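> kindly return the folded structure for what I paste below:
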Amino acid sequence: MAESVVNRIGGRGVTKNAGFSLLESMIALFLISIGMLGIAAMLLHNLKSATDSSWRAQAALFANEASERIKLHSAQETSGTCAGGYDAVPDYSIASCSVVTRPTTCTSDDQGLSCPTQEAWRDMGLYELCAKVNDPVRGGMPGGQLLIRKATRNCNLGGSPPLDSYQVEVRWNVRAASTSGDSVNRYETLVQP
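This is a model prediction of the structure:
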């Protein structure tokens, strides 16, 4: 609270208010700036969390699309048993976007895409999905990769075809502001067609 001093000169009252000093103003400005930096750090953390959540949701969509493709092609593969023959049908045993190429047997014309075999259709679908995962223009992710590995084979079902499980993994790069390189995030799911 400011102190007031009244001097009486010639019957008029002159009031002198003691205000904030420069030091008090600087301390107040310092405390306000620390609070603003805290708010800025909190907003930056929230933005990073929202971005991570967005990438994780995108990865889940890609993993779901890969799972649906596995289920589609597995539904068409009904022959074979654990004793033999089942491995001859198209299999997603190991698929990585780094090794997938466009099938040369598939052709495209005015009528659309045409592939001669189920395996060629499967490979074409995987090629298109891999191209999309790594292409930010098509909704992909930075450094996006798709990996599909055979996880297990259940042969305890009598004479029916074995049930394979596949591990679908989507990886993407995340820029780390505090480190020199990017970190890799993953989204994994297990699919049993």
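> phi, psi of the nearest residue to Val133 once chain neighbours are set aside?
Spatial nearest neighbour of Val133, excluding adjacent residues (Cβ to Cβ, 6 or more residues apart in numbering): Gly144 at 4.1 Å. For every residue, glycine as well, the C-beta is placed using N, CA and C. Per-residue torsions, Gly144: phi -60, psi 140 (degrees, to the nearest 10).
> contacts only, for Gly144.
62, 97, 133-135, 170-172 (Cβ atoms under 8 Å, 6 or more residues apart in numbering).
> same thing but at 6 Å, please
133-134, 172 (Cβ atoms under 6 Å, 6 or more residues apart in numbering).
> by neighbours, which of those wins?
Val133 (25 neighbours; other Cβ atoms under 10 Å).
> that one and Glu188, how far apart?
14 Å (Cβ to Cβ, to the nearest Å).
> related to what we said a few turns ago, select from the contacts of Gly144 every entry located in strands.
In this view, these that belong to strands under DSSP state E are Trp172.
> put together CSV for the contacts of Gly144, with pLDDT on each row.
Shown next, in CSV, are those (pLDDT from 0 to 100):
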residue, pLDDT
Val133, 87
Asn134, 82
Trp172, 88
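> residue ranges in the protein under the pLDDT threshold?
1-20, 74-100, 152-164, 176-181 (pLDDT under 70).
> can you give me the helices in it?
22-75, 118-133 (DSSP state H).
> ok, and for the shortest one, which residues are buried?
By neighbour count, and taking 16 or more other Cβ atoms under 10 Å as the criterion, the buried residues in helix 118-133 are 119-130, 132-133.
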